[in-house]
Structure formats: structure tokens, C-alpha cells
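In: Following is a predicted model, sequence given first.
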Amino acid sequence: MIEQHPCNGPEATFEAGRMLAEILRAGDVIGLMGDLGAGKTLLTQGIAAGLGVPESVRVTSPTFSLINEYAGGRLPMVHVDLYRIEAEAELEHIGLEEMLDNAGVSSVEWCERFPVLPDDHLIVRIEIAGETQRTLSATGNGPRSTEVAAKWAALLGATLR
């Protein structure tokens with residue numbers, strides 16, 4: 001578990017994502033929670049960079065497309081945004097469950113809106129602590145994600161509880 005890890009500036013949030021990517025392996029799912037503008041997409045951009053997604057590939061919020069897929073790194077990545085989804089039936093229509101099952105790494109923004117994450121997933125909360133300051137917390141929900149949270153905490157130098 002990571003509690004209250006400060007990110008002073010966008011670069012620190014990006015770097016935290018890049019560090020998380022070092023630990024990730026195929027099948028890992030990250031649920032991202034936080035207000036609009038908290039930095040969920042920025043953290044995902046860091047994860048993509050850490051996975052080796054080429055810099056020529058633009059990693060953007062899938063707010064309107066709902067799902068963006070990125071290849072070319074050491075693992076493929078799926079980036080999902082549930083903000084505009086209004087009914088759970090829409091998730092079946094876009095094939096989200098199958099996509100999460102078959103992806104290398106999945107990053108799901110607004111995951112709290114619907115129960116779509118597999119049993120073993122990492123939840124990352126990003127809180128706005130100031131104009132450019134953010135606070136990260138992370139909780140594993142299963143053996144693999146708990147291991148990821150602990151390793152990420154060690155990389156970040158965060159306090160474990």
C-alpha cells in the first residue's frame with residue numbers, strides 16, 4: 001500500500017507512472033481514481049513511456065474514444081476512460097471485459113463508476129493537493145497487485161503501512 005506519496009509537479013506524476021511500469025507484467029490492471037484534472041492520463045502517459053511505447057505514439061485521454069490501445073513497447077497497453085459511459089450495458093457493447101482479459105497492461109480511468117476490474121487489480125488514487133501538487137495512494141486488491149503496490153512503494157520511497 002502507498003499512502004500519501006507527494007508528486008510536486010506534472011513531471012513527478014509522469015515519473016511515478018514510469019516507475020510503476022518497471023514492475024508491471026502482462027495481465028496487470030490499474031484502476032485510476034481522481035477528480036477531473038487530477039492527473040490520471042498523465043500517470044498513464046508515464047506508464048506508457050515506462051513500457052517503451054514509442055515517443056512518436058501520442059498517448060491521450062480516451063474520454064471520447066473510450067479506449068485507446070498502444071503497442072510497440074515491451075507490453076501492449078489498453079487505456080480506458082469510463083467517464084462518459086452511462087450504463088453498464090455499454091461496457092458489454094464495447095467488449096471491455098474481453099479487452100481487459102487479453103491486454104498486456106490495462107489502465108482504467110474512472111474505474112469506480114462500474115465494477116469492471118478483475119478481482120486482482122491495483123487502485124491508484126490521485127488527489128489534487130495544490131495547483132501543480134498531487135498526492136498518490138495505491139492499494140492492491142489481490143496477491144499480484146499487492147506485490148505491485150509494495151514494489152512501487154519501494155521505488156517511490158513511499159511509506160508502507
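Out: Nice, thanks for sending it over.

In: Now do the lengthiest helix in the chain: which elements does it pack against?
Out: As assigned by DSSP state H, the longest helix anywhere in the chain is helix 143-156. Applying 3 or more C-beta pairs under 8 Å, 6 or more residues apart in numbering; DSSP states H and E, one finds that helix 143-156 contacts strand 2-8, helix 10-21, strand 28-33, strand 121-128, strand 133-141. For the C-beta atoms, the positions are set from N, CA and C on the backbone; glycine is no exception.

In: mean pLDDT for the ones you listed: which is lowest?
Out: Mean pLDDT values for the helices and strands packed on helix 143-156 show the minimum at strand 2-8, a mean of 85.

In: Within its sheet, name the partner strands of that one and how each one runs.
Out: Using DSSP bridges, strand 2-8 pairs in its sheet with strand 133-141 (antiparallel).

In: so the partner strand versus strand 121-128, what angle?
Out: If you take axes from the mean of the first three to the mean of the last three C-alpha atoms, to 10 degrees, strand 133-141 sits at 160 degrees to strand 121-128.

In: Tell me the buried residues in strand 133-141?
Out: Residues of strand 133-141 classed as buried: Arg134, Thr135, Leu136, Ser137, Ala138, Thr139, Gly140, Asn141 (neighbour count, 16 or more other C-beta atoms under 10 Å).

In: of all these, which comes closest to Leu91?
Out: Distance to Leu91, by C-beta to C-beta, is smallest for Asn141 among these, at 19.0 Å.
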